[in-house]
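Student: Can you look at this prediction? I've put the sequence above it.
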Amino acid sequence: MARIFRPKVVTANALVEGDVIYLTEDDSWSRDLAQAEVLTDEAHAQLRLLEAAARSDEAVGVYLADVTLSPTGPQPTHFRETFRDTGPSNYPHGKQADL
Amino acid sequence: MYRYTDFDAGFVAERNRQFRQQVERRLDGSLTEEEFKPLRLMNGLYLQLHAYMLRVAIPYGTLNGRQMRALADIADRWDKGYGHFTTRQNIQFNWPKLSNVPDMLDALADVQMHAIQTSGNTIRNVTADHFAGAAADEIADPRPVAELIRQWSTDHPEFQFLPRKFKIAVTGSPNDRAVTRAHDIGLRMVRRGADHGFEVIVGGGLGRTPLIGKVIREFLPEADLLPYLEAIVSVWNLLGRRDNKYKSRIKITVHEHGLDDIRARVEARFAELRATFSGIDQALFTEIKTTFASPTFQAKDTTPFDQAYATDPVFWAWADSNLAPHRAPGYAIAQISLKAHGATPGDASSDQMRVMADIAECFGHDELRISHEQNVVLPHVHKSDLPRVHALLRQHGLATANIGQISDIIACPGMDYCALATARSIPIAQQIATRFDDLKLEHDIGELKIKISGCINACGHHHVGHIGILGLDRAGVENYQITLGGDHTESAAIGDRTGPGFSADEIIPAIERLVAAYLEIRSDPEERFLDTYRRVGMAPFKAALYQADGRAHAA
């Protein structure tokens, strides 16, 4: 049976700040997962990943992360991605500090 | 304390100058990440989950007030106002920007500190007993040895591309506080009659394949140290597996080839190398030793201590748990707990760092130590000053009286920070500490070492915890495995797994059941958890863990 392609976003860490960023549809990087381009087609996802990886003067460690779709935008499926999207649980630092 | 020579200062300045240019070339696009990564790792700079992380070496865990204050300033200026002390006597800054790191390294160099070889496949920061030079049970101060090894290993041309990282620990006391049996090389200073030397232990390590180190040389004369170390590392450099990261550490090489084979190779290589060491290493060693001259201890009346101990229950509790015997009459070693109940193990705010620096300068012969248990040590405090020291610590949340107890937990950063982690460690440590503080059982439980790692790499030393907790990712959910009976001391042992792991919600109650079982079956209040475990074995603890929640079948 063919493997189902699950929705994904392109994510990385910003070169200078090191914080988590997501690729948007208009080819910019956003700190906000809600702004990320959701990729539902495997071939397109691979293409976007390659394009993002080529931007090595902006982003480090580019990869595709699984998401689920919700009315408020993409949501992480794995707890690691949830932490990346919020910040550490011991201090209100990271992305949660800006909310 | 060792002071940088002109050579040392020039070397660090040159490395910082090079790294500043490397960062500039990365930022202007001349270097790719693939090219830059090994360069930043050589200088202690990681990219973690939410930000970069700069790991700064605190060689053999020793620093003075000025250095501690510089760490506080760095935390305020370029980070988020705190630092994290680690199990390898390093401090980590969790939030630096890449563009600021060269300035941070220059600020460190101003106080004779650096981040060189705190990462990468090199010989890492050499660690030592945190009571070095102070402990009543010590044969000799291990720090001059550690400094000699640091100078030999820093930028050693043969050892910049090892099969994997390489960690050395030194103790000068028969009571091992440096976990020497869980290092690639552990050195125990020993005496044979009038002769000074080392018991050399090789092939210990935690991580995926935990192994207790084996004695490769029972007595190595002091003068032969560097050629012998060079022989061990060079034998492993050639033999060590570069095809498989999980089999690359020297513990696997020793395991696969056998200790006798490795010993024969090392001795053969040692015979070649020994002649090439002209004696300059010994001249250097003699010089280094003079820089670690003991402070001038004073004979003072201890009445202020005795009075406070007799009348102030808070001071009395702190003295009982946080003080250790000093070799000089009237003095004590005072441990500052970085494990306030509910706080992040090993974290200190910049204000706390400054207070510790002040106290060290006023009352502690300007010395501080970082322990592998993620606490800070004032190695030389006269007892008469301890009531004032305690009062100052108390004002800044630094007087928690819990050293060696259930809330004095080692925890790695885990998935709250670390890119390698498979689960969180810090919240588990926080919850255990606050839970047992609420129960008011901590002092009754007595000595109990809980150590938590957020992945198999075991930075949190879980294998050698009396209770070890390992956080894993089981099908996308955090899951915590328990081991019992580990021991990090001279009687080192790897803990035994109890059985299936527990979810994040289940792990605190599980630890509570374990401790309740211990309190019920210990022979008397003096029998430590570890002793009870050794006496009765796994069965009653397993029953407490798994029968209560109806999981006996799974055990």
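Tutor: Looks like it arrived, so ask away.
Student: okay, now the domains of chain B?
Tutor: B:6-110, B:142-290, B:303-395, B:410-546 (automatic domain parsing).
Student: would a markdown table of the ones you listed with mean neighbour count, distance to residue A:96 and mean pLDDT be doable?
Tutor: No exception for glycine: its C-beta is placed from N, CA and C like everyone else's. What follows is these, written out as a markdown table (neighbours: other CB atoms under 10 Å in any protein chain shown; distance: least, CB to CB, whole Å; pLDDT from 0 to 100):
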| stretch | mean neighbour count | distance to residue A:96 | mean pLDDT |
| --- | --- | --- | --- |
| domain B:6-110 | 20 | 10 | 97 |
| domain B:142-290 | 19 | 32 | 97 |
| domain B:303-395 | 21 | 16 | 98 |
| domain B:410-546 | 20 | 12 | 97 |
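Student: which stretch among those comes nearest residue A:15?
Tutor: Closest approach to residue A:15 among the domains of chain B is made by domain B:6-110 (6.6 Å; CB to CB).
Student: do that closest one and chain A meet?
Tutor: Yes - counting by CB under 8 Å from any CB of the partner chain, chain A is contacted by domain B:6-110 at B:26-27, B:29, B:32-33, B:47-52, B:80, B:94-99.
Student: first to last residue in that domain, what's the distance?
Tutor: 13 Å (CA to CA, to the nearest Å).
Student: Over to stretch B:158-166?
Tutor: Terminal residues of stretch B:158-166 lie 13 Å apart, using CA to CA.
Student: List phi and psi for the closest residue to residue B:64 other than its chain neighbours.
Tutor: Spatial nearest neighbour of residue B:64, chain neighbours left out: residue B:366 (4.9 Å); criterion: CB to CB, 6 or more residues apart in numbering or on different chains. Residue B:366 adopts backbone torsions of phi 60, psi 40, taken as degrees, to the nearest 10.
Student: Just to check, residue B:366 is in contact with residue B:68?
Tutor: No - taking contacts as CB atoms under 8 Å, residue B:366 lies outside contact range of residue B:68: 9.9 Å.
Student: anything in contact with each of those two?
Tutor: Common neighbours of residue B:366 and residue B:68 (criterion: CB atoms under 8 Å, 6 or more residues apart in numbering or on different chains): residue B:360.
Student: Next, the buried residues of the strand ranked longest in chain A.
Tutor: For chain A, the longest strand by residue count, based on DSSP state E, is strand A:59-70. For strand A:59-70, the neighbour count (16 or more other CB atoms under 10 Å in any protein chain shown) marks A:59-60, A:62, A:64-65, A:67 as buried.
Student: Looking at those residues, which one is closest to chain B?
Tutor: residue A:60 (5.2 Å; CB to the nearest CB).
Student: Which residues are in contact with residue B:124?
Tutor: Neighbours of residue B:124 in contact, by CB under 8 Å, 6+ apart: B:88, B:117-118, B:165-168.
Student: Could you tell me how far it is located from residue B:112?
Tutor: 19 Å (CB to CB, to the nearest Å).
Student: thinking again about what came up before, now the two most distant members of the contacts of residue B:124.
Tutor: B:118 and B:168 (13.7 Å).
Student: Isn't residue B:270 up against residue B:226?
Tutor: No - assessed by CB under 8 Å, residue B:270 is found out of contact with residue B:226, at 10.5 Å.
Student: Chain A contacts on chain B?
Tutor: B:26-27, B:29, B:32-33, B:47-52, B:80, B:94-99, B:344, B:347, B:415-417, B:424, B:426-427, B:430, B:473, B:476-478.
Student: Among those residues, which ones are in strands?
Tutor: Using DSSP E, those in strands are B:47, B:52, B:347, B:473, B:477-478.
Student: Which single residue in the stretch 251-400 of chain B comes nearest to chain A?
Tutor: Taking CB to the nearest CB, the stretch 251-400 of chain B has residue B:344 as its residue nearest chain A, at 4.7 Å.
Student: That residue is in contact with residue B:426, isn't it?
Tutor: Yes - shown here, residue B:344 and residue B:426 form a contact pair, counting by CB under 8 Å, at 5.3 Å.
Student: overlap in contacts of the two?
Tutor: Shared contacts of residue B:344 and residue B:426, counting by CB under 8 Å, 6+ apart, come down to A:90, B:411.
Student: Ends of stretch A:19-39, what's the gap?
Tutor: One end of stretch A:19-39 to the other measures 22 Å (CA to CA).
Student: Okay, and residue B:378 sits in which element?
Tutor: Here residue B:378 sits within strand B:376-382, counting by DSSP states H and E.
Student: Format the ones in strands among the residues of chain B next to chain A as CSV; extra columns: distance to residue B:277.
Tutor: Listed next are those as CSV, based on distance: CB to CB, whole Å:
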residue, distance to residue B:277
B:47, 39
B:52, 39
B:347, 42
B:473, 48
B:477, 55
B:478, 51
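Student: Report the two of those residues separated the most.
Tutor: Applying CB to CB across those, the maximum distance is between B:52 and B:477, 28.8 Å.
Student: tell me the phi and psi of the residue most central in space within chain A?
Tutor: Nearest residue to the geometric centre of chain A (CA atoms, centre = their mean): residue A:11, 3.2 Å. Phi and psi for residue A:11, reported as degrees, to the nearest 10, are phi -130, psi 160.
Student: if we can go back for a sec, between the ones in strands among the residues of chain B next to chain A, which is nearest chain A?
Tutor: residue B:52 (4.1 Å).
Student: quick one, what contacts that closest one?
Tutor: A:18, B:45-46, B:95-98, B:101.
Student: where do the helices sit along the stretch 1-150 of chain B?
Tutor: Taking DSSP state H, counting those that start in this stretch as the test, the helices found in the stretch 1-150 of chain B are B:6-27, B:33-42, B:65-78, B:101-110, B:143-153.
Student: and the ones you listed as CSV, adding distance to residue A:29?
Tutor: Formatted as CSV, these follow (distance: least, CB to CB, whole Å):
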stretch, distance to residue A:29
helix B:6-27, 16
helix B:33-42, 15
helix B:65-78, 23
helix B:101-110, 21
helix B:143-153, 40
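Student: List the contacts of residue B:155.
Tutor: B:11, B:116.
Student: Quick check: it is in a strand.
Tutor: No - counting by DSSP: H, G, I helix; E, B strand; the rest coil, one finds residue B:155 to be coil, located in no strand.
Student: where does it fall, phi/psi-wise?
Tutor: phi 60, psi 20.
Student: cool, and residue B:469?
Tutor: phi -130, psi 130.
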